[in-house]
Structure formats: C-alpha cells, structure tokens
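# what's the 3D shape of this:
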Amino acid sequence: MKRIIPTLLLVVAALAFTTSTALAQKNPMVGGAAMYKQKDIVDNAMNSKDHTTLVAAVKAAGLVETLKGTGPFTVFAPTNAAFSKLPEGTVDTLVKPENKEMLTKVLTYHVVPGKFNAKAIMKQIKAGGGTAKLTTVSGGTLTATMVGKNLMLRDEKGGMSHVMISNVYQSNGVIHVVDSVLMQN
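Now for the predicted structure:
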C-alpha cells in the first residue's frame, strides 16, 4: 500500500502536467495572454497587452456589445504597433465622440461576417486565382493574397497588412492578428 500511493501521486502529477500542456497549446498566446476558445472576441482582446488601443477604440465606438454577440465574426485585429504607424494624432482624433461614425467605419472594416480561418481564406485565394475578396461589415472589401507563406490583406487604399498570428479561435468567431490598420475609401 505504501508503494501504491507514491506511484499513484506520480501518475496524477503526470496527468495534470500533460493536461495543462495540452490546454496551453490549444489556447494561443497573444499579447502575453492566453486566448481561450470559450471566451468571446472582446473578453480575449481585453487580456492582450498588444491590443489595448483596439479595445479602447471598440469601447469608444460602442461596438463592445456587438463583438460580444453570437456572430460569428472574423476579426483582423491590429496591434498597438499597427495603430502607431498611423499619422500622429489619428487615433486621438478618431476616439473623440464627434468622430464615432468614422471610428466605427474604420473598426468594422476589420470585421468579416462569418468564421474564416486561414485555411478557408487560402482556399478562397486558390479558387480566386491568387486573390480572395472579403466583404467587411462596413460594406468595404479586403483583398487577401499569399506572399510566399504569408497571408496578406490589401485594403481599398492600397495599404498592405500581414497576418502575424492566425486562427485565434473565440466562442463567437476567429481573430487574425495584423500588423497594420486597414483603411477603406
């Protein structure tokens, strides 16, 4: 009996380690925080240190409840560094209450209705002869292409954004982390 208890404890510890390792792999890290499939887009984004500007903008635009909704949504989520590439003062101007409509247009240009992981987008690119047109919630169009092994998005103004982290699954969709803010005409 004395030998069984230490062996049993060792087995339990091994199972706990294996389970926690498996869970960590299923929940990718974004901005220093695990992204949990059972949480919605907003709850996960709020934990990412790389998306504080995006979260503040979503709050200023009044889009929190929408992005916490059932969706599904595909969100191309610009990082803080992506927002810092904009001309100085742009973000401060956009989050002013009088510019809420403009901010909403910018943010909803990053959202596509439906749940499109990278594989689904790449399938559309292949079917489209090298490009896929994605219609956003704002009514604009993003053009997806592959540059080598990198998934790229071109906005309506010709700007390019690289998908840095893809397939971050949420309870109400999927997030793809991008390195530039996309702009609509």
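# following the helix-or-strand element of the chain with minimal mean pLDDT, which helix or strand comes up?
Evaluated with mean pLDDT, DSSP states H and E, the helix-and-strand set of the chain has its lowest mean pLDDT in helix 4-26, which scores a mean of 39. With elements assigned by DSSP states H and E, the helix or strand that comes after helix 4-26 is strand 29-30.
# That following strand pairs with which strands, parallel or anti?
Sheet pairing for strand 29-30, assigned by DSSP bridges, gives strand 33-34 (antiparallel).
# Measure how far the strand it pairs with is from the centre of its chain, please.
Its chain's C-alpha centre lies 13 Å from the corresponding centre of strand 33-34 when counted by C-alpha atoms, centre = their mean, to the nearest Å.
# Which helix or strand lies directly C-terminal to that strand?
With DSSP H and E, the next secondary element past strand 33-34 is helix 41-47.
# can you count the residues close to residue 131?
A count of nearby residues for residue 131, using other C-beta atoms under 10 Å, gives 14. For the C-beta atoms, the positions are set from N, CA and C on the backbone; glycine is no exception.
# I'd guessed residue 170 sits against residue 47; true?
No. Under the criterion of C-beta atoms under 8 Å, residue 170 makes no contact with residue 47, lying 11.9 Å away.
# Next, show the common contact partners of these two.
By the contact definition C-beta atoms under 8 Å, 6 or more residues apart in numbering, residue 170 and residue 47 are jointly contacted by residue 35.
# which one of the two has more residues nearby?
Neighbour totals were compared for residue 170 and residue 47, and residue 170 leads with 25 against 16 (other C-beta under 10 Å).
# who are the neighbours in contact with that one?
For residue 170, the set of contacting residues under the criterion of C-beta under 8 Å, 6+ apart consists of 35, 37, 39, 40, 41, 44.
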